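S.K.: The sequence and its predicted three-dimensional model are supplied below.
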Amino acid sequence: MRTRTAILVALLAGLHLVLLFAGFFAPYDPTTQNRDLPYAPPTRLHFMDSSGFHLHPFVYAWKSVVDDNQSDSYREDRTHEYPIRVFVSGSSYKLLGICETSAHLFGVAEPGKVVVFGTDAYGRDEFSRILFGGQISVAAGITATLIALLAGSILGVIAGYYGRWVDESLMGVTELFLSLPWLYFLLGVRAFLPLHLSTIRTFFLLTGVIGLIGWARPARLVRGLVLSARNRNYVLAARGFGGSDVYLLRRHILPEAFGLLLTQAALLVPRYIAAEVTLSFFGLGVNEPVPSWGNMLSTLQQYSVLVSYGWLLAPACALVVTSVIYSSLADVFHSRLKSYST
Amino acid sequence: MNYLARRLVRAVLLLIGVSALCFLFTEMAPGSFFDEMRLNPQISPETIAALRSHYGLDQPLLVRYGRWMKSALHADLGYSIAYNTPVAPLLWSRAKNTLLLTTTALLLTWMISVPLGVWAANRRGGLLDKTVNLASSFLVSVPELVIAVALLAIAVRWRVLRVGGMMSADYESLSAWAKLQDIILHLALPAFILVLAETAVIVRHVRASVLEVLGAPYVQAARGFGISRARLLFRHVLPVAANPAISLLGFSLAGLLSGSLLVEVVCGWPGLGPLILEATLSRDLYLVIGGIMFSALFMVGGNLVADVMLLAFDPRIRTEVMDAH
């Protein structure tokens, strides 16, 4: 159990580090277009050429061939080999948004291109877009979770601690929020907000809306916990010694809620990433040219793209990997919580 | 008060709450349908003001809400600004398709997940139990959008099912039998996506609730009396495990409807989903509110059905009703 938790936490940390330093791990700028390279398939890694085996892997450039039925396809241009290099200098970017640098983990000499997951309709490197898009999608999930948990625990504590009519009316409202199909609700709220905004404002708008809809479940859980903790003997004793409400909550009641909130966070983050992805997929979220997993997937709404260019499903795989890691962690937290409480 | 009457009152209160919430959001919203028009120099501000008052958007919130409520009681949910027709018929023509999709998916989901969950719980630790556990815990963590897009890709590439819309282009010329076949073939993909996503959730809950009852002291006592395994399961365990499962039916509806919206958009099923999405993009106020109200109505209706089933299956609730009399 302990090793499993350690592995999961390490995976999660690795994932976030890669996304955080996306500029370094991505070989290209996510918005640079290559109009002569639309829908190029993933670059193949080679070890063998006519002169035999090389330990150093190399790639060939894609050459577009127009065949009889007018659809462009690609063939490897075998005339020139481009060895893969590590720690190369390429397009410049801002690391962590602060220092300007042009170091990349890997790349090939121009005019060769190494497109790990192929390119999209504008010839943009799908792999780099996944990394930069992941920054936005995952950050949106985390921010929305923080908003939901913060609002939920504040209201839950108020309801559980003060009881009576405050409790009843707040729980009535949570029932309202929980009984609505969340996607209808999300679209409804989104309908009343402006469509075209700058990326930053869209981001905060989206996370705000998702968090606003999601506060109800954590609020109920926290309320239940506060309700049971309120009448524990040590809490009553502390109150008898003259502890104020705020002191009791902070010192005695909230620490109990920590495990619960952590489990909820691990559960909610993938769900809210999916919510952002869904909204952007519908064209209601982050707009082009800024990448997010959702707006990258939205090109797949055309059946022709879906059939011919399978590598454009890569953002979906990234989403699945992220979700599975988070949910496994939530499972681990959950079983821990259960073993503590019994 | 009677159990069912209490539930009914709760349902009505919920619907009122949802509509109030919708209007509150419209009030807080900074933009409106006419924002794009305002940018057009050919349309004078007077025209826009006239349009606004024509749709009653210049009135204060409470007046608008009161008017809407009054007409909603006569099944009139206002006027669509983009389509320029009443909202209710527009929504109803689409809602029928959503209902067809969701009820099919719901029935299939429960027909698959109840036997599967019961069997897995009854043979705990067996091969089937392990497989179900592994598959469901993976599927639960895969977002529905990914399931939908992946299955759609498979269906389109291998041409196994009909994709897009609800009917083929030559639908009108088909015989009645062929028409039915055509709709079923179109329904198969969206329904399958929904069933896959929902089964993963429900099978886990069914398994957990059966396991809980199987571990109860009275079941162990019954086992001690030498009651056969089958009789124990069907006579002593399942009736008790039915209560949480039926409550789950009500809760799972919200997820099913959300999933259905997504799947409808991805697969092009002409249900409420694409309509609401379009209305959201064009900020067609009353159409959006109407769509949310329809989804809330489905939810509340499904929950009432679950309540009636609970009354039929759980004697504890029946006696509670008796005691009240």
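M.R.: Okay, I see it.
S.K.: Please save the CA atoms from stretch A:287-301 in CSV.
M.R.: Only the C-alpha atoms of stretch A:287-301 are listed here, as CSV (Å, rounded to 0.1, in the frame of the first residue of the first chain):
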residue,chain,number,x,y,z
ASN,A,287,-10.1,29.8,-27.6
GLU,A,288,-7.6,29.2,-30.4
PRO,A,289,-4.7,29.7,-30.9
VAL,A,290,-4.0,29.0,-27.2
PRO,A,291,-4.0,25.2,-26.9
SER,A,292,-6.1,23.3,-24.3
TRP,A,293,-6.8,19.6,-24.5
GLY,A,294,-10.5,20.4,-25.1
ASN,A,295,-10.1,22.7,-28.1
MET,A,296,-7.4,20.4,-29.6
LEU,A,297,-10.0,17.5,-29.5
SER,A,298,-12.7,19.6,-31.0
THR,A,299,-11.3,19.2,-34.5
LEU,A,300,-12.3,15.6,-34.1
GLN,A,301,-15.9,16.6,-34.4
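S.K.: per-residue pLDDT, A:Ser198?
M.R.: The score at A:Ser198 is 77. That number is its pLDDT.
S.K.: Where does pLDDT dip in the chain?
M.R.: As the question left the chain open, I've gone with chain A. Low-confidence segments of chain A, defined by pLDDT under 70: A:67-72, A:195-196, A:340-342.
S.K.: look at chain B instead
M.R.: The model of chain B has pLDDT under 70 over residues B:1, B:29-38, B:55-58, B:169, B:320-325.
S.K.: Up against chain B, what does the stretch 51-200 of chain A have?
M.R.: Contact residues of the stretch 51-200 of chain A with respect to chain B, defined by C-beta under 8 Å from any C-beta of the partner chain, are listed as A:172-173, A:175-176, A:178-185, A:187-195. Heads up, the C-betas are built off the backbone N, CA and C, glycines and all.
S.K.: Can you pick out the ones from those that are in strands?
M.R.: Residues from those lying in strands, with DSSP state E as the criterion: none.
S.K.: Just the buried ones from those?
M.R.: A residue is treated as buried here by neighbour count (16 or more other C-beta atoms under 10 Å in any protein chain shown); on that basis the buried members of those are A:173, A:176, A:179-185, A:187-193, A:195.
S.K.: Run a quick neighbour tally on A:Arg4.
M.R.: By other C-beta atoms under 10 Å in any protein chain shown, the residues close to A:Arg4 number 12.
S.K.: now do A:Thr199
M.R.: When neighbours are counted by other C-beta under 10 Å, A:Thr199 registers 13.
S.K.: That one reaches A:Val286, doesn't it?
M.R.: Yes - counting by C-beta atoms under 8 Å, A:Val286 is a contact partner of A:Thr199 at 6.2 Å.
S.K.: So for those two, which residues contact both of them?
M.R.: Counting by C-beta atoms under 8 Å, 6 or more residues apart in numbering or on different chains, the residues touching both A:Thr199 and A:Val286 are A:Ile136.
S.K.: Show me the strands in the stretch 51-200 of chain A, by range?
M.R.: For the stretch 51-200 of chain A, applying DSSP state E, counting those that start in this stretch gives strands covering A:52-66, A:72-83, A:85-95, A:99-107.
S.K.: possible to save those as TSV with distance to A:Tyr162 and mean neighbour count?
M.R.: Compiled in TSV, the strands of the stretch 51-200 of chain A are given as follows (distance: least, C-beta to C-beta, whole Å; neighbours: other C-beta atoms under 10 Å in any protein chain shown):
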stretch	distance to A:Tyr162	mean neighbour count
strand A:52-66	65	13
strand A:72-83	66	13
strand A:85-95	47	13
strand A:99-107	49	14
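S.K.: Make a markdown table from those strands and add distance to B:Arg235 to it.
M.R.: Rendered in a markdown table, the data for the strands of the stretch 51-200 of chain A read as follows (distance: least, C-beta to C-beta, whole Å):
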| stretch | distance to B:Arg235 |
| --- | --- |
| strand A:52-66 | 66 |
| strand A:72-83 | 65 |
| strand A:85-95 | 67 |
| strand A:99-107 | 64 |
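S.K.: Can you tell me the centre-most residue of the chain?
M.R.: You didn't say which chain, so I picked chain A. Taking C-alpha atoms, centre = their mean as the criterion, A:Val138 is the residue nearest the geometric centre of chain A, at 2.2 Å.
S.K.: my bad, chain B
M.R.: For chain B, by C-alpha atoms, centre = their mean, the most central residue is B:Leu257; offset 2.5 Å.
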